[in-house]
Structures are given as structure tokens and as C-alpha cells.
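Participant: give me the fold of what follows.
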Amino acid sequence: WARLAGGAPPRGGADPFPGGPAGLTEGLTEAERRLALLVGQGASNQEAAARLFLSVKTVEARLTRIYRKLGVRGRAQLAVAVRDE
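Facilitator: As a prediction, this is how the structure comes out:
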């Protein structure tokens with residue numbers, strides 16, 4: 001979080017996010033990762049549902065889980081978390 005917030009890296013030299021921001025999505029399932037990338041690139045819930053052949057309700061439920069897993073509060077923070085992936 002320090003790097004995302006623009007702060008200094010933690011002491012000890014260890015990178016808390018190996019592989020850069022892409023490492024943030026490692027705890028997601030493949031389906032969640034695909035959805036996170038689409039939404040992070042600006043797709044609406046309806047657009048993501050159509051591209052992934054899901055219902056809008058399924059997209060909403062998955063986004064809720066994605067936000068919780070990544071510790072983000074909305075689409076803008078999600079976009080930052082997945083922008084380099």
C-alpha cells in the first residue's frame with residue numbers, strides 16, 4: 001500500500017508486492033481477475049456482463065468479493081490496483 005500511496009517502500013528491502021501491482025490480484029480466482037481487468041479498464045457492469053456472458057447481478061456480486069479481497073472501495077481504486085496487469 002505504501003507504493004500505491006506514493007510513500008517509501010517498507011524497510012528491509014522486501015517488496016510487499018512482488019511483480020508490481022499485478023501481484024495484488026494474486027488472491028483472485030481467474031474469473032474474478034478477468035472481471036477486475038475489464039472493470040479496471042473502464043467497462044460498465046452491463047458491458048462486463050455481456051463480454052463475460054454473465055448476468056449483471058453476478059457481476060455485482062463478484063465485484064463485491066473482488067473489492068473485499070483487494071481492500072479497495074470502488075472502481076477508481078480497482079483501476080489503480082490492476083492498471084499494470
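
Participant: where exactly do the helices run in the chain?
Facilitator: Taking DSSP state H as the criterion, the chain carries its helices at 2-5, 30-40, 45-52, 56-70, 75-82.

Participant: measure how the last one sits relative to helix 45-52, angle-wise.
Facilitator: If I follow you right, that is helix 75-82. Relative orientation of helix 75-82 versus helix 45-52 (axes from the mean of the first three to the mean of the last three CA atoms, to 10 degrees): 40 degrees.

Participant: in helix 75-82, which residues are buried?
Facilitator: 75, 78-79, 81-82 (16 or more other CB atoms under 10 Å). Just so you know, the C-beta spots here come from the backbone N, C-alpha and C atoms, and that holds for glycine as well.

Participant: returning to what we had before: please convert the helices of the chain to TSV, extending it with mean pLDDT.
Facilitator: Listed next are these as TSV, based on pLDDT from 0 to 100:
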stretch	mean pLDDT
helix 2-5	54
helix 30-40	94
helix 45-52	96
helix 56-70	95
helix 75-82	90
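
Participant: coming back round to it: export the buried residues of helix 75-82 to TSV and tack on distance to R33?
Facilitator: Listed next are the buried residues of helix 75-82 as TSV, based on distance: CB to CB, whole Å:
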residue	distance to R33
R75	16
L78	12
A79	14
A81	11
V82	8
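
Participant: just these now: which is nearest L37?
Facilitator: V82 (5.6 Å; CB to CB).

Participant: I'd say the closest one and E32 touch.
Facilitator: No: V82 is beyond contact range of E32, at 10.8 Å (criterion: CB atoms under 8 Å).

Participant: ok, back up a step: looking at the buried residues of helix 75-82, which one is closest to T25?
Facilitator: V82 (6.0 Å).

Participant: which residue, other than its chain neighbours, is closest to the closest one?
Facilitator: Nearest residue to V82, sequence neighbours excluded (CB to CB, 6 or more residues apart in numbering): G40, at 3.9 Å.

Participant: same deal with A43?
Facilitator: Leaving aside its sequence neighbours, A43 sits nearest to R51 (CB to CB, 6+ apart; 7.0 Å).
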